[in-house]
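1. Let me see the structure of the following:
(one chain, ligands or ions: 1)
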Amino acid sequence: MTQDEIKAMVARAALPHVLPGSIIGVGTGSTVNHFIDALSSLREGIAGAVSSSNATTARLRGHGIRVLEAGEVEQLALYVDGADEIDPHGHMIKGGGAALTREKIVADLAQRFLCIADASKKVEVLGRFPLPVEVIDVAATRIARRFAAIGGRAVLRKGVVTDNGHPILDVHGLAIADPPALEAEINQWPGVVTVGLFARHRAHACLLGTPEGVLTLQF
Ligand code: 5RP
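-> Numbering: from 1, shown residues only. Alright, predicted model coming up:
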């Protein structure tokens, strides 16, 4: 089984979690792309989707799925998204696809975050995957120095501007022992738009794809 086949399998396994007639929050990335393709089979059975990126919006609309703005809904029962890393508590690093800000906004609307990922994303401690941070450009140097002071090496992601028009720093070398505390700390730094640490907005469950099948982790 290729990694892409595993991603497709885990994406299909998320379909039974979608409540009939509901509006669903939809994340961004290659695993979520498989989920959107699978969701098209339920098109008539859902009321629509709130999207976390321009790329996801285009794919949803391509399948004839109605897309609503985040401001049009008060609450979502479910948000489905991938992750770059997930720890044993459901804390995640996200933003490899540069969609972290809107992903966190849509996750915040949802009562339940269902992570869909292949087994390579499961780690004991977050931080081997460089932590993405969307920043206001004039603050990038100051923020990079703050990361250096806590042992991180921030690298500007070349050629990437987010859907919101901002650059991304990828921070290498952090071993994140306390994700909620680090997220709260970085959120205080002026010029940080969003840190791709999803601790407060952690996953409630994760469907983890392995060559042997799909494991369900509850957090
Ligand atoms: C995008 C994300 C994605 O969820 C993350 O990068 C995982 O992507 P993939 O499913 O392609 O491995 O956070 O900003």
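2. separation between the closest residue to I86 other than its chain neighbours and E85?
-> Spatially, and ignoring its direct neighbours in sequence, I86 is nearest to M92 (4.9 Å; CB to CB, 6 or more residues apart in numbering). The way it works is simple: take the backbone N, C-alpha and C, and place the C-beta from them, glycine included. Noted for M92: a distance of 6 Å to E85, by CB to CB, to the nearest Å.
3. Looking at the two, which has the bigger crowd around it?
-> Higher neighbour count among M92 and E85: M92, with 31 against 23, using other CB atoms under 10 Å.
4. can you pull the contacts of that one?
-> Counting by CB atoms under 8 Å, 6 or more residues apart in numbering, M92 touches 83-86, 115, 126, 197-198, 202-203.
5. And for T162?
-> Counting by CB under 8 Å, 6+ apart, T162 touches 98-99, 101, 134, 168.
6. quick one: the strands in the chain?
-> Using DSSP state E, the strands assigned to the chain run over residues 23-26, 48-51, 67-68, 79-81, 85-86, 92-93, 113-118, 131-135, 153-156, 168-172, 192-195, 197-198, 205-210, 213-218.
7. Tell me how far the first one lies from the chain's centre.
-> Once both centres are worked out by CA atoms, centre = their mean, to the nearest Å, strand 23-26 turns out to sit 13 Å from its chain's centre.
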